[in-house]
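Asks: Predicted coordinates and the sequence they were generated for:
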Amino acid sequence: MVPNIIILLLNLMIYDIYAFSFEEVQIHGFVSQGFMISDRNNYLANTEDGTFEFNEAGINFSQDFSENFHVGCQFFSRDIGDVGNNEIELDFALADYRLRDTIGFRFGKIKIPHGLYNETRDFDMLRTFIFLPPVYYDISRSTINAMNGICIYGNYQFSTIGNIEYQIVGGSKSIDPESGWSRYMERRGFDITKFDIGYVGCGRFIWNTPVRGLRFGMTGIRVDMEADAEIEFIPIPSVYKITGPDLKYELNNFFIHVSFLEYTLRDLIVAFEYMTFRGDLSIETLHPDLPVIRFGIPVKTDSYYLSTTYRLSDLLEIGAYAAVFWQDSDDKDGKTLASDFLGWHKETALCLRVDINEALTFKTEVHLIDGGALMMPQDNPEGIDQRSALFLSKLTFSF
């Protein structure tokens, strides 16, 4: 993969490359190759030794049939350690009809309007950072990336107080048992073998205020999730006593809430998002040789981040963020865990983006991490250190 990227880079120094069109079908795409290395703790891959197992690619097609009606889809592939493994997936596929500014309809596989940036997270050229705050976006990608259903959306303009954007989505979704969400549950002791997702509902409202560049909003996602798991040990607080090779895992009344704001002042963008996960986790033994045991655990996690980006010139852009995640918002100090730092994940990131030309972008990023709540024990069999540093670089070609 790396030699191909080098050849591509040499070609791009000579030619300008733009989007294709074939009989009015617009075709765009991107491919990226990254490198990750950490001083302590493997992060999503074998980063302590350095790894090129970090790439993405996508191609999308769209066509406008009229001013108000268009269709589009994107195929996406990525590899980050054991996640993705370059399997091609349908990222989104939808038809969009806008009746008027105040109301429109989408149906198909629709990007979930989660927070500020979920709908554009798979377009590397549209963001400054290599990794959006992982306490908020990356770990749960498989859960909140897209869904099958129908969306009603629109924009209502007020005379003096700005305008309101809204999206309301209902439908269903599926989660791959080998996804990043499964790996996150594995760190909690569950080896997920099957997911069953019920109805999913989502709503987002954004108020674009009369203050130029300032907007506020909120998102709510409601989902029920059931999974089968095979496991020998469950690392939960000592008040719950259970071991067994076959378990049923249910997450009921699962609700994700996000409040956010974004302020843009010429070349400066400041963003803040606060997210909560709430639900009722129930566990039931299934193995025929075990007594039937069923109990529940409340799920309460909180996270937030504050980010800023600044465009220095047509060539350079810089960014930084600080992010915090608590595995249990009732135990932010990790008192019920074997090591207290496993109860939180605090991260600071600094990024430099270089737009070499219209098609080629290079990014480099440094992350300083305190805590182990998002570190995967399966990637760190010798144990997790409280503090680590992660360095990333990434080259992206888009057309």
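Replies: Everything's here; your move.
Asks: what's the longest strand seen in the chain packed up against?
Replies: Longest strand in the chain, counting residues (DSSP state E): strand 246-265. Under the contact definition 3 or more CB pairs under 8 Å, 6 or more residues apart in numbering; DSSP states H and E, strand 246-265 sits against strand 214-230, strand 268-285. (C-beta placed from N, C-alpha, C; glycine too.)
Asks: Can you list the strands that that strand pairs with?
Replies: strand 214-230 (antiparallel), strand 268-285 (antiparallel) (DSSP bridges).
Asks: any idea which of the ones you listed scores lowest on pLDDT?
Replies: If you rank the strands paired with strand 246-265 by mean pLDDT, strand 214-230 sits at the bottom with a mean of 83.
Asks: related to what we said a few turns ago, can you redo the helices and strands packed on strand 246-265 as TSV with distance to residue 48 and mean neighbour count?
Replies: Putting the helices and strands packed on strand 246-265 into TSV (distance: least, CB to CB, whole Å; neighbours: other CB atoms under 10 Å) gives the following:
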stretch	distance to residue 48	mean neighbour count
strand 214-230	28	19
strand 268-285	29	18
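Asks: what's the span of stretch 367-380 from first residue to last?
Replies: Stretch 367-380 has an end-to-end distance of 18 Å (criterion: CA to CA, to the nearest Å).
Asks: List the buried residues in that stretch.
Replies: For stretch 367-380, a neighbour-count test (16 or more other CB atoms under 10 Å) marks 367, 369, 371, 372, 373, 374, 375, 376, 377, 379, 380 as buried.
Asks: now, the most widely separated pair of these?
Replies: Largest separation among the buried residues of stretch 367-380 by CB to CB: 367 and 377, giving 19.4 Å.
Asks: What mean pLDDT does stretch 372-390 get?
Replies: Taken as a whole, stretch 372-390 has a mean pLDDT of 87.
Asks: what sits up against it?
Replies: For stretch 372-390, the surrounding residues in contact (CB atoms under 8 Å, 6 or more residues apart in numbering) are 36-47, 81, 134-135, 139, 183-184, 186-187, 325-327, 339, 341-345, 366-371.
Asks: what's the answer for stretch 330-337, then?
Replies: The contact list for stretch 330-337 (CB under 8 Å, 6+ apart) reads 237, 238, 300, 326, 327, 328, 340, 341, 342, 343, 344.
Asks: picking up where we left off before, make CSV from the helices and strands packed on strand 246-265 and add distance to residue 144 to it.
Replies: As requested, these are arranged in CSV below (distance: least, CB to CB, whole Å):
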stretch, distance to residue 144
strand 214-230, 7
strand 268-285, 10
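Asks: Any quick ChimeraX command for the buried ones out of the contacts of stretch 372-390?
Replies: Command for ChimeraX, covering only those of the contacts of stretch 372-390 found buried under the criterion 16+ other CB under 10 Å:
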select :36,37,38,40,41,42,43,44,45,46,47,81,134,135,139,183,184,186,187,325,326,327,341,342,343,344,345,367,369,371
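Asks: Among the contacts of stretch 372-390, which lie within strands?
Replies: Using DSSP E, these in strands are 36-38, 325-326, 344-345, 366-371.
Asks: I'd like the residues you listed written out as CSV, with distance to residue 217 added.
Replies: Formatted as CSV, the ones in strands among the contacts of stretch 372-390 follow (distance: CB to CB, whole Å):
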residue, distance to residue 217
36, 32
37, 36
38, 34
325, 21
326, 23
344, 26
345, 25
366, 30
367, 27
368, 29
369, 28
370, 29
371, 28
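Asks: tell me the two of those that are most distant?
Replies: Across the ones in strands among the contacts of stretch 372-390, the two members that end up farthest from each other (CB to CB) are 37 and 326, 27.5 Å apart.
Asks: circling back to that earlier point, and the longest strand of the chain, how far out from the chain middle?
Replies: 11 Å (CA atoms, centre = their mean, to the nearest Å).
Asks: Going along the chain, name the helices of this structure.
Replies: Using DSSP state H, the helices of the chain run over 2-12, 141-144, 180-187.
Asks: hmm, back to that, make JSON lines from the buried residues of stretch 367-380 and add distance to residue 122 to it.
Replies: Listed next are the buried residues of stretch 367-380 as JSON lines, based on distance: CB to CB, whole Å:
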{"residue": "367", "distance to residue 122": "20"}
{"residue": "369", "distance to residue 122": "24"}
{"residue": "371", "distance to residue 122": "27"}
{"residue": "372", "distance to residue 122": "28"}
{"residue": "373", "distance to residue 122": "25"}
{"residue": "374", "distance to residue 122": "20"}
{"residue": "375", "distance to residue 122": "24"}
{"residue": "376", "distance to residue 122": "22"}
{"residue": "377", "distance to residue 122": "28"}
{"residue": "379", "distance to residue 122": "23"}
{"residue": "380", "distance to residue 122": "28"}
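Asks: still on that earlier bit, among the strands paired with strand 246-265, which is nearest residue 111?
Replies: Nearest to residue 111, of all the strands paired with strand 246-265, is strand 214-230, at 12.4 Å by CB to CB.
Asks: and the closest one, C-alpha only, in PDB?
Replies: What follows is strand 214-230, C-alpha atoms only, in PDB (Å, rounded to 0.1, in the frame of the first residue of the first chain):
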ATOM      1  CA  LEU A 214     -22.800  31.000  16.100                       C
ATOM      2  CA  ARG A 215     -25.100  28.000  16.300                       C
ATOM      3  CA  PHE A 216     -26.400  25.700  19.100                       C
ATOM      4  CA  GLY A 217     -28.100  22.400  18.900                       C
ATOM      5  CA  MET A 218     -29.000  19.000  20.300                       C
ATOM      6  CA  THR A 219     -29.300  15.400  19.200                       C
ATOM      7  CA  GLY A 220     -31.200  12.500  20.700                       C
ATOM      8  CA  ILE A 221     -30.900   8.800  19.600                       C
ATOM      9  CA  ARG A 222     -33.100   6.000  21.000                       C
ATOM     10  CA  VAL A 223     -32.200   2.400  20.300                       C
ATOM     11  CA  ASP A 224     -32.700  -1.100  21.800                       C
ATOM     12  CA  MET A 225     -29.900  -3.600  21.400                       C
ATOM     13  CA  GLU A 226     -29.700  -7.300  22.100                       C
ATOM     14  CA  ALA A 227     -26.700  -9.500  21.700                       C
ATOM     15  CA  ASP A 228     -25.400 -13.000  22.400                       C
ATOM     16  CA  ALA A 229     -22.000 -13.300  24.000                       C
ATOM     17  CA  GLU A 230     -19.500 -16.000  24.800                       C
END
